[in-house]
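Undergrad: Have a look at this fold, sequence not included:
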C-alpha cells in the first residue's frame, strides 16, 4: 500500500500544480462574448506580432551591400509560419544617435535615403511573405527620436521625454504633419508602389503610446491633435486603416468597472490628459487601440489575469459602441521577475481566448525576436528558434500564437 501511495505522489503534485494554472487561464479568459468586428480585411481576432526592429536591420544590411536582410527575412518568414496575420513595426526613425546608421529623418524634413530604403525593403518583403504590416509613424518615448526630438527641432527650451508640447505647439504639429505627408507620398524604390497605397500595409498608427501627461484633464487637446494628424494620414493613405496607437487610458471611469480598477491599484490610468473614448470617436480613426503591461501599470499581482480580461473586454465594448473594432496592440508580462513561465503562459492563453470571445479585431503580444537578438535586450521577448517546434519551452509563447492564429476568423 505504501508503495502504491508513493507512486501516486507525482500525479498528485502535477494535479495540484495544474489547478492554479487553470484558474489563472480561466480568469484571463473571463470575458463576455460579443460580435466580432474586424480590422479591415484581417480575420477576426487576428494575431499581430510586434517586431519593432525591422527597418534598422534592413537599413544596416543594405548599407553593407546586401540585397536582402537576413533578420527581416527570418522574422517575416517565422511570423507567417506561426500564422500571424501581420507584424507591427516602426515606420519611423528620427534618433540622433542613429545618424549615418539607420535614421530616416536626420533634420526637419531632411532624410537619409538609406534609412528610407530600409523601410522600402521591409514593405516589399512583407508583401512577398504574405504578411501585413502595422506601422507606427512616431514614438511618444525617446527611442527612435520620439516626441522630444520634434520639440528639440522646434527650438523649444528644455525638451523632455513625452514632451506635451508635441501635441500643442503649432510649429511642432505642422512639422509632424509635413513629415507624414512626405513619408506617405514616397514611392518605394524596390516595387514602385507609393507608401499610402502599398498593399502590405494593414494600418498606420499616429504615434506609439501617446500619453496625455501635461495636457488638459478632459483630453480635448489630445483629441484635437488626433483629428488633425489623422486627417493628414487619411488624405495621403485613403485606403488604409488609421489608429491612434494609444494604451487605452481615459479621463474618467465612465464605461469601466471603477471599483475593480481602484482596488487593482491602477486608478492612475483614468487620471486624464487622454481619453480612449474621445480619441476612438474621431471620424478619422478606424479602430480603438490599447496596450496592456500590468506590471508597469501597477496592477496587483493577484488580479493580473482578471485585469487583462477586464482591460480587453471593457475597451472592446466601448469601441463597439462607436462602431469600431479594437486592436490590442501590445500585451506582455516580464520574463525575468514576478510570474513563472507557466503562469505567464496560462495568462497569455487566456488573454488570446478573451480577445476571440469578445470579438476584438486583433491582438499583439510583445515582443517577437529573431534568433540573433539577445534575450536581455527586452524584458518580454519570445522566439521561434531555428530547429525547434513552436511548443519548445525556449520559445516561450510561439505555440500560443499558433493556437490563437488557428482560432482567428472562426467567428
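TA: Thanks, I have it. Model, not experiment: these values are computed from the prediction. Numbering: from 1, shown residues only.
Undergrad: where exactly do the strands run in the protein?
TA: Per DSSP state E, the chain carries strands over the ranges 46-50, 86-90, 105-107, 110-111, 132-136, 201-205, 241-243, 288-292, 326-331, 362-365.
Undergrad: Of those strands, flag the one that's most buried.
TA: strand 326-331 (a mean of 28; mean count of other Cβ atoms under 10 Å). All C-beta atoms are positioned from the backbone trio N, CA, C, and that covers glycine.
Undergrad: tilt between it and strand 86-90?
TA: 60 degrees (axes from the mean of the first three to the mean of the last three Cα atoms, to 10 degrees).
Undergrad: wait, what's in contact with residue 380?
TA: 332-335, 366-367 (Cβ atoms under 8 Å, 6 or more residues apart in numbering).
Undergrad: can you do 10 Å?
TA: 50, 293, 295, 330-336, 344, 365-369, 396-397 (Cβ atoms under 10 Å, 6 or more residues apart in numbering).
Undergrad: pLDDT below threshold where in the chain?
TA: Scanning the chain for pLDDT under 70 picks out 1-16.
Undergrad: so what's the residue most central in space within it up against?
TA: The residue lying closest to the centre of the chain (Cα atoms, centre = their mean) is residue 329, at 3.2 Å. By Cβ under 10 Å, 6+ apart, the contact set of residue 329 is 48, 50, 88, 134, 136, 203, 205, 208-209, 243-248, 287-292, 362-364, 366.
Undergrad: Please convert the strands of the chain to CSV, extending it with distance to residue 72.
TA: Shown next, in CSV, are the strands of the chain (distance: least, Cβ to Cβ, whole Å):
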stretch, distance to residue 72
strand 46-50, 13
strand 86-90, 10
strand 105-107, 21
strand 110-111, 20
strand 132-136, 11
strand 201-205, 16
strand 241-243, 23
strand 288-292, 24
strand 326-331, 20
strand 362-365, 18
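Undergrad: To residue 175, which of those lies closest?
TA: strand 105-107 (9.7 Å; Cβ to Cβ).
Undergrad: What helices and strands are in contact with the closest one?
TA: helix 113-129, helix 146-153, helix 170-185 (3 or more Cβ pairs under 10 Å, 6 or more residues apart in numbering; DSSP states H and E).
Undergrad: Report the angle between the last one and strand 201-205.
TA: Regarding helix 170-185 and strand 201-205, their directions subtend 180 degrees when assessed with the same axes, to 10 degrees.
Undergrad: All the helices of the chain, residue numbers only.
TA: Assigned helices in the chain, in chain order: 2-28, 54-63, 70-82, 113-129, 146-153, 170-185, 220-236, 258-264, 276-280, 294-297, 304-321, 341-358, 398-407 (criterion: DSSP state H).
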